[in-house]
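Enquirer: 3D model of this:
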Amino acid sequence: ENFKEVDGKFFFAKGKDAKEPEEIEEFLKLSIDSSCEGLMVKALDKDAQYVPDKRNWIKIKKDYLEGMSDSLDLIPIGAFRGKGKRAGLYGCFLLACYDPETEEYQSITKIGTGFSEEDLKKHTEFFKNHLLEAPKSYYRYDSKMECDVWFEPCQVWEVRAADLSISPVHKAAVGQLHPSKGIALRFPRFLRIRDDKDPESSTLAEQVVDMYNAQSVVQ
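Expert: As a prediction, the model looks like this:
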């Protein structure tokens, strides 16, 4: 009540409630485009006050988007139908890496950022011709990642992310670093389609483990 916004000089900080990493990344990009330093992300729990060395509040800055120096080549195995502006299209995709030891495609991330509207239209049209009635028996994923539609493993995407983490949901290299947990990408974003690669020449589960371990050494 005591302050009024002045165009180009003074305005109130904007906030947004979000449940998905993709929503946070989109808001981070908006803050950077508005010449802000980044975001202060706060947990929505009632007792999530600021406490030193706790993770209730996290600052995310522009350099976080730069993420890993290496990209990954991953396979879309399913999708979730879009909502709002993405209605009628596939809005998010489930990506997997290939494990030649188990001959499985293992989920590694759910991705919904890095796409232009034209990208989503092209992906939707392409995968409509490669739909499955049910996921393949060699698709390894958690029930929380049950897709609206499933695809044949027929395309490879280059993806970059902020980092890799141990995940109770995703199944990449499951059992290699933890008996029941896999490795997941955090804040993934789509870069391009790799027309020069087939699914079995994409990033392998063993390579994902190497990238995770190399990241831990650097940090």
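Enquirer: what's the local residue count around the spatially closest residue to Arg194 that is not a sequence neighbour?
Expert: Counting by CB to CB, 6 or more residues apart in numbering, Val156 is the residue found nearest to Arg194 once chain neighbours are left out, at 4.2 Å. Heads up, the C-betas are built off the backbone N, CA and C, glycines and all. By other CB atoms under 10 Å, 25 other residues sit near Val156.
Enquirer: what do you get for Leu131?
Expert: Using other CB under 10 Å, Leu131 is surrounded by 12 other residues.
Enquirer: let me know the next secondary structure element after the strand or helix carrying Leu39.
Expert: Per DSSP states H and E: Leu39 is located in strand 38-42. Using DSSP H and E, the helix or strand that follows strand 38-42 in sequence is strand 57-61.
Enquirer: tell me what angle that following strand forms with strand 38-42.
Expert: 160 degrees (axes from the mean of the first three to the mean of the last three CA atoms, to 10 degrees).
Enquirer: okay, strand 57-61 in PDB with CA atoms only?
Expert: Extracted in PDB, the C-alpha atoms of strand 57-61 (Å, rounded to 0.1, in the frame of the first residue of the first chain):
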ATOM      1  CA  TRP A  57      15.600 -21.800   0.000                       C
ATOM      2  CA  ILE A  58      17.900 -22.200  -3.100                       C
ATOM      3  CA  LYS A  59      19.300 -19.500  -5.300                       C
ATOM      4  CA  ILE A  60      19.400 -20.400  -9.000                       C
ATOM      5  CA  LYS A  61      21.500 -18.100 -11.200                       C
END
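Enquirer: pretty sure Asn129 sits in a helix.
Expert: No. Read with DSSP: H, G, I helix; E, B strand; the rest coil, Asn129 is coil and lies in no helix.
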